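>>> Give me coordinates for this.
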Amino acid sequence: MSEQLQEGLIRISDDVVATIAGLAALETPGVAAMSGGMSEGLAKRLSGKNAQKGVSVEVGQLEAAINLRIVVLYGSPIQEVGRRLQESVREAVENMTGLRVVEVNVKVEGVAFKDEAGAEQEEALTVRVK
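Residues are numbered from 1 along each chain as shown. This next block holds a predicted model:
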């Protein structure tokens, strides 16, 4: 997106839109990780780095289309998680960029068990002092 103002030009890169979408997706209940593995998903949550994993975007002058690949937590209602995900990503991108999000497509590529997700998160968050 770019907008010509009297003071100059404002451009929002595709990477910025993808990062916003990825971070919003990871905050959605029922989403265990973006496609690519549990530890990568946790790293993204903790650091914000590589938040574009599992996200592709098409950004025009006024609109954006977003594709997400996710792993859901076992027992989560997938349709409901998908709808919440679409809503939260759309809201985050529109509020932060001013772009109109025309579609948010979600592909569920895996299921994570709470024990696996919890164990990896707990292990990563535990500080070990020797």
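
>>> going forward, measure contacts and count neighbours with C-alpha atoms only.
Fine.

>>> If you count neighbours, what's buried in the biggest helix by length in the chain?
Determined from DSSP state H, the single longest helix within the chain is helix 78-97. Residues of helix 78-97 classed as buried: 78, 81-82, 84-86, 88-90, 92-94, 97 (neighbour count, 16 or more other Cα atoms under 10 Å).

>>> Also stretch 52-69?
Those would be 52-57, 59, 63-69, for stretch 52-69 by 16+ other Cα under 10 Å.

>>> What mean pLDDT does it get?
For stretch 52-69, mean pLDDT is 94.

>>> likewise stretch 18-32?
The pLDDT scores in stretch 18-32 average 96.

>>> Figure out the length between the terminal residues of that stretch.
End-to-end span of stretch 18-32 (Cα to Cα, to the nearest Å): 18 Å.

>>> so how far is that stretch off the chain centroid?
When C-alpha coordinates are averaged (Cα atoms, centre = their mean, to the nearest Å), stretch 18-32 and its chain have centres 3 Å apart.

>>> Of all residues in the chain, which one is nearest the centre?
Most central in the chain under Cα atoms, centre = their mean is G22, positioned 1.9 Å from the mean C-alpha point.

>>> isn't that residue right next to K53, touching?
Yes: shown here, G22 and K53 form a contact pair, counting by Cα atoms under 8 Å, at 7.3 Å.

>>> tell me, what's touching these two both at once?
Common neighbours of G22 and K53, counting by Cα atoms under 8 Å, 6 or more residues apart in numbering, are M34.

>>> What about Q6, how many residues nearby?
Look at Q6: counted by other Cα atoms under 10 Å, it has 6 neighbours.

>>> And G8, by the same measure?
G8: 7 surrounding residues under other Cα under 10 Å.

>>> One more: the one 10 residues further on?
When neighbours are counted by other Cα under 10 Å, A18 registers 25.

>>> do K114 as well
Counted with other Cα under 10 Å, K114 comes out at 14.

>>> surely it meets L73?
Yes: judged on Cα under 8 Å, K114 makes contact with L73 at a distance of 6.4 Å.

>>> Touching, S35 and V72? I think so.
No: contact criterion Cα under 8 Å: S35 and V72 do not qualify, at 9.7 Å.
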